[in-house]
Structures are given as structure tokens and as C-alpha cells.
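[1] predicted coordinates and the sequence they were generated for:
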Amino acid sequence: MENRGRTLVVALAAAGGMVGFAVAGVPANSASRYVGTPGQESRCRDHDSVLACYYYSEWTSAYWGKGVNDPDLGDNRYFAGTGTGADQVVRNNSRRMVCKVQVPTRCESFYSTNYMGNMDWMYNGERGELSYTRNDNASVMIR
């Protein structure tokens, strides 16, 4: 009887380990957060970009803009002479985002390259403080 109980415990432990292994191999779901509020930033209004990222939490900090999707922000730098953070790499280095009133219906900032992972988003004509991707932005998409 004692031996059968021990065998059952070992079998359950092994099965539990296999279940744990199977669950660990499944990627977690990504989260998204709406971060927009109505408004535009005057310095970007006349720039040809549709989406703009800002280095710091103030709209006077350096900015970088793009008119198309970018799967890896690692080779982009904030525009020279635009404020604190100018010439810094954009990837994993943004606090705010603007989505201009033009063709897109929304702009998205992703945690990982190639539009993967958690994301923050806003509609066109909005601006806001990044949340999931604050200082962790690796790619952007304009839809």
C-alpha cells in the first residue's frame, strides 16, 4: 500500500512537470493600451511625418518623426537641434507620441521589433504619454 502511494506521488509530480513545461513554452498574450488625448504638437504640425516620438515627457524635448511603418527603431535618431535628447537613438528611448491628422486612422508603438509585444496606440489627431512602451519602444506602425 505504501509503495503504491509513493508511485502515485511520483507519477503526479512527473505529470505536473510536463504540464508546467507545456505552459512555459506558450508565449504570453500581448497587451495594448489606448494612450491618446486630442491635440497636436506645434513643432510637428509642419513636418512631413505622420507619427512622432518624443524623448522626454515635455513637448519641448527632442523629437523624431516618420511617415511609414518602421520595424526597428534602432537605426533612428532624434532630429538634431530639436531639444533635450537630440541625436539620441529613438529605440527604447521615447516617452511621448503624436499621431497627426492625416491619412492614418491610428498610430502604434510596440515593445519589440517587427511589431511584436505590448503596444500603446492612439487615433489620428491625438498625442499622449506612452505606457507599456515608455522608454521601451522598438517599432512603430501607422494604420
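    Arrived safely, thanks for sending.
[2] so the residue nearest the centre of the chain: helix, strand or coil?
    Nearest residue to the geometric centre of the chain (C-alpha atoms, centre = their mean): F110, 2.6 Å. State at F110, reduced to three classes by DSSP: H, G, I helix; E, B strand; the rest coil: strand.
[3] wait, it touches T133, no?
    Yes: the criterion here is C-beta atoms under 8 Å, and F110 meets it with T133 at 6.6 Å. Quick note: C-beta positions are derived from backbone N, CA and C, even for glycine.
[4] returning to what we had before: now do the residue nearest to the centre of the chain against G81, distance only.
    Using C-beta to C-beta, to the nearest Å, F110 is found at 28 Å from G81.
[5] in space, what's closest to Y34 - neighbours in sequence excluded?
    W121 (6.1 Å; C-beta to C-beta, 6 or more residues apart in numbering).
[6] okay, strands next: where are they in this structure?
    Along the chain, counting by DSSP state E, strands occupy 32-34, 37-38, 51-54, 63-66, 96-99, 106-112, 116-123, 126-129, 139-142.
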